[in-house]
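>>> The amino acid sequence is not available; the structure is as follows:
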C-alpha cells in the first residue's frame, strides 16, 4: 500500500529540514511526502522524487482547512502525519505497514507510544497522541475531513473517525517506537497555546503575529528558500542510547508496587489490568525472586528490583523518584505500619491500591495473556493417564503450614484414586507457575491449602475446595470458583470433613463461566473545566485564579465557562442570582465525549499546573474524585515549579471541597443521585464528596469527612484558595438564606437513605 506523509509548515524552515530528512530515511519503499507551505511570504524549493512541496499564495483560513488541503494532494492509500517540528526514526512507516498487513479491514491505525523530546533530548516514552494516528484517504472522505478548527482539530477528527470506522490500535515494543514529539525547540507551538477562547485572539492568528514580529526583527527569511534536509544529530543513536540506559522503564507514568510472593502478585493482577484498560500499561515493581510470574503478562511493564519484601519504604522512595503516579498494593514491611480495615489480607491489598469496592466483581480476574498453550498441553499429556484429574496442593504453605498434609493426601488418594487420577502439584515442576493453569482448565477439581494456587485458580474455571488458615485476616478470601471452604480448625481434627466436601463437589462438578476479556484500548480522554462565571469587578484574588487556568488551557484543557444561567436561586426566593451545580456540569457534559473528563472548580481557585496530568490518571482509573483546597492569605503564593507537596505544607487545610472531577460516563450513571444543589451556598460539596466516597466503598462520618481519603480524594496541594469572607457564611445567610435551606434539605434527605448514621443538627447541617 502507498503511504503518504503530510507535513504542514509555517515559517519553520530549520525544523522542516529535519522533518523532511526523517521522511527521506524511511525504510518503507512505497512512500511519498506532501509538504504544504502555508506561509505565502516564503517559497520553499526542494527536489526529490518522493517529496512534493506545495507553496500556497494565500494562507488557509484555519488549521483544519490546511490539513484538508494537504490530504487532498495525497494519493489514495494510508496517510501518516509528521508535524514540521517533529521527527521520525527510519521504521516509522514500516510500523503502520505491518499493522495494516495484520488488520486488512482497518481504516485507521493508532500506535500507542512515542518519544517525548525536550530541547533535543529524549525525556521519556509517552502515550501515543494525535501524532501517531494514521488513516486512509477513504476514511478521511467518509467522516467529512477535518473541521474548521485551529486547535483540537486533530482530536475532533480522530474522535469522529474511531467512533465510525474500524481500525487498529497497535502496541509496539519500546525498541519499535519511532515518532519523536519535540518540545522546547525554539518554535511557536499552536498546541501549546490551548484551545481558542472568546476572550483572546485565536491561535491561528497568534502564530501569524509571531511570524510578523520575527519578520520585523529580521529573524526569518522570505522569498525563495532552498531546502537542505539534514539531521542535526543522529536520532537513531539517541533513541538507542536512551533505551540502552534503561531510562525507558523509569519514564513510564504509573507504577504499581507489590514486592510479595507469587500469590500476592497474582491477587493484585486484576488491578494492574484495570489500570491498563482505563489509562495505559503500568509498570509493575516486583522482587527479582518472583518476577518471572510477569512473563505471562503483556499488560504490565516489569520493574525488577533486588529490594527484599519487607523493605517496602525503600521501594516506595524509588518509585516516587521514578514515576509520576505510584500505587502501592503491599500491606506490610519493616518500619511500615498499616491500619487493618478489611477482614482478609488480599482484600486489604486491593483497598490500599484504591479498589476495595471492586474486589467482589466476578469479572475482574487475574489474566495471563501470554500463556504458552502448547507447553500447557504438553504438560497435561505427559501427566494424564486418561482418567479425570483431581489436583491437590497439600504441601508447601509457608505462612500457615497444614499439619496433616501428608495424611490427608494419602486419604484422598485412597478414597478417589480408583475413579480419578490424583495429582499432587508440589511434585510438578514447570518453567512458570502460571503454566499450571493448563492443568486447572483440564482437571475436575482442585483441593488446596496454598494461597498461591488459590489465587492462581481464579484464572481458570476449575472448582476449588479451599483449606484455609484459622485466622480470617491471614487466610485469603477466595476469588476463584470456590465450592467449599474449610478452616484448618475443622480439617485437621476431622479430615473426613474434607473427604465429604470433595465427594460432594465431584458429584456434580460445575465450571463457572469465565468473563470475556476485552482488548485493552485506553481512551484518549479530553479534559473539560466546568466553572460558573458572572460579571464582577476584577480583583487580584480572582485574577490569580484565572491566570492559573490559562496555564492549564495551554496544556490542552478545554474551558467550559458557564456565563448565561438557565435558572438561579432567585427562583426559590433567594436574594442572589446563584447558579445550579447541575447546569454548570451539563454545560461541560454537552461538549464532552463519554470517555472524557469533566472537572468543576469554583471561580476563584488557583490550580496547580500538574493538575491535568493527575486528573487524566486518577479519574481515568477511579472514575470520580474530589479535592480539598489549601487556604492562603497571599495571592502570589504559587511559585513556578513548586511541587504540590510543598504547596500542601504551606497552605492551611480546609474541610471544603473545591474541585470535583468525573468521567462523563460516571456523571451520567450517578446523575439522579446528584442533588440539584445551588452553588454559592454551603453543604453541597460535602454531599457530593460523600456520594463519591460511597462509590469507592467509603462511608462518611462527621469525623472522617474532614480527612482526605484515597481514592475518593486527591492529595492536597493541587487546588488553592485565597482566604476571604464568604457571603454564605454571613449571619444574614448562613441559616436563613433560601439557597442554604435548599442545599441542606437535599443533603439530609439523601443521607437518610444512603448514610443513615450521619447526624444532622437542628439547622440540618452536619
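Yep, that arrived. This structure is a prediction, so every number in the text was calculated from the model and none was measured.

>>> dump the residue contacts of residue 424.
392, 393, 394, 395, 409 (CB atoms under 8 Å, 6 or more residues apart in numbering). In this view, the C-beta of every residue, glycine as well, is placed from N, C-alpha and C.

>>> Confidence-wise, which of those comes last?
The pLDDT minimum for the contacts of residue 424 sits at residue 395, where the score is 84.

>>> Which strand or helix spans it?
For residue 395, there is no host helix or strand (DSSP states H and E).

>>> Contacts only, for it.
By CB under 8 Å, 6+ apart, residue 395 lies in contact with 402, 405, 406, 409, 424, 426, 449.

>>> Let me know the distance separating the residue most central in space within the chain from residue 445.
The centroid of the chain falls nearest to residue 279 when counting by CA atoms, centre = their mean (2.1 Å). Plainly put, residue 279 is 38 Å away from residue 445 if you go by CB to CB, to the nearest Å.

>>> Please pull out the lowest mean pLDDT helix or strand from this protein.
Here the helix or strand of the chain ranked lowest by mean pLDDT, DSSP states H and E is helix 247-250, holding a mean of 42.

>>> Centre of the chain to the helix or strand just after it, how far?
Per DSSP H and E, the first helix or strand lying C-terminal to helix 247-250 is strand 254-257. Chain-centre distance of strand 254-257: 12 Å, with CA atoms, centre = their mean, to the nearest Å.

>>> which helices and strands does the helix or strand just after strand 254-257 pack with?
The element immediately downstream of strand 254-257 (helix or strand, assigned by DSSP H and E) is helix 262-278. Applying 3 or more CB pairs under 8 Å, 6 or more residues apart in numbering; DSSP states H and E, we find helix 262-278 packed against strand 254-257, strand 283-287, helix 345-353, helix 451-456, helix 611-622.

>>> So what touches stretch 434-444?
293, 296, 368, 371-373, 375-377, 379-380, 383-384, 388-391, 420, 423, 425, 428, 430, 446, 453, 456-457, 459-463, 506, 509.

>>> quick revisit: tell me the pLDDT at the residue nearest to the centre of the chain?
Looking at residue 279, its pLDDT is 91.

>>> Distance check, the residue nearest to it when sequence neighbours are not counted against residue 278.
Leaving aside its sequence neighbours, residue 279 sits nearest to residue 620 (CB to CB, 6 or more residues apart in numbering; 4.3 Å). Distance, residue 620 to residue 278, using CB to CB: 5 Å.

>>> overlap in contacts of these two?
With CB under 8 Å, 6+ apart, residue 620 and residue 278 have common neighbours 522, 523.

>>> Quick check: neighbours of the strand or helix carrying residue 391 in the sheet, parallel or antiparallel?
Taking DSSP H and E as the definition, residue 391 sits inside strand 389-393. Strands adjacent to strand 389-393 in the sheet, as given by DSSP bridges, are strand 421-424 (parallel), strand 445-448 (parallel).

>>> Which among those strands is found nearest to residue 609?
Taking CB to CB, strand 445-448 is the member of the strands paired with strand 389-393 nearest to residue 609, at 51.1 Å.

>>> tell me which residues in the closest one are buried?
445, 446, 447, 448 (16 or more other CB atoms under 10 Å).

>>> can you list the residues you listed in CSV and add pLDDT?
Shown next, in CSV, are those (pLDDT from 0 to 100):
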residue, pLDDT
445, 97
446, 97
447, 97
448, 95
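
>>> Buried subset of the contacts of stretch 434-444, written for ChimeraX?
For the buried members of the contacts of stretch 434-444, the matching ChimeraX selection, counting by 16+ other CB under 10 Å, is:
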select :293,296,368,371,372,376,379,389,390,391,420,423,425,446,453,456,457,459,460,461,462,463,506
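
>>> The contacts of stretch 434-444 in helices, which ones?
373, 375, 376, 377, 379, 380, 383, 453, 456, 506 (DSSP state H).

>>> and the closest residue in space to the last one that isn't next to it in sequence, bridged to which residues?
Right, the one you point to is residue 506. The shortest distance from residue 506 to any non-neighbouring residue, by CB to CB, 6+ apart, is to residue 445 (6.1 Å). Beta-bridge pairing of residue 445, defined through DSSP bridges, involves residue 390.

>>> who touches residue 445 in this structure?
Residues in contact with residue 445 (CB under 8 Å, 6+ apart) are 390, 391, 462, 463, 464, 465, 502, 505, 506, 509.

>>> For residue 337, state which of the residues you listed is nearest.
Of those, the one sitting nearest to residue 337 (CB to CB) turns out to be residue 464, at 33.3 Å.

>>> Just to check, the closest one is in contact with residue 448?
Yes. Using CB atoms under 8 Å, residue 464 makes contact with residue 448 at a distance of 6.6 Å.

>>> what separates stretch 426-445 from the chain centre, distance-wise?
The answer for stretch 426-445 is 33 Å, by CA atoms, centre = their mean.

>>> Can you tell me how far residue 401 is from residue 467?
12 Å.

>>> The two - which one has more neighbours?
With neighbours defined as other CB atoms under 10 Å, residue 401 and residue 467 compare such that residue 467 has more, 29 against 12.

>>> longest single strand anywhere in the chain?
strand 652-663 (DSSP state E).

>>> Buried residues of it, list them for me.
By neighbour count with 16+ other CB under 10 Å, strand 652-663 contains the buried residues 654, 656, 657, 658, 659, 660, 661, 662, 663.

>>> if we can go back for a sec, quick check: which of the helices and strands packed on helix 262-278 is nearest to residue 123?
It's helix 611-622; of these, that one is closest to residue 123 (CB to CB) at 13.8 Å.

>>> Identify each buried residue in the very next helix or strand once past that closest one, please.
As assigned by DSSP H and E, the chain's next helix or strand after helix 611-622 is strand 624-632. Within strand 624-632, the residues scored as buried using 16+ other CB under 10 Å are 624, 625, 626, 627, 628, 629, 630, 631, 632.
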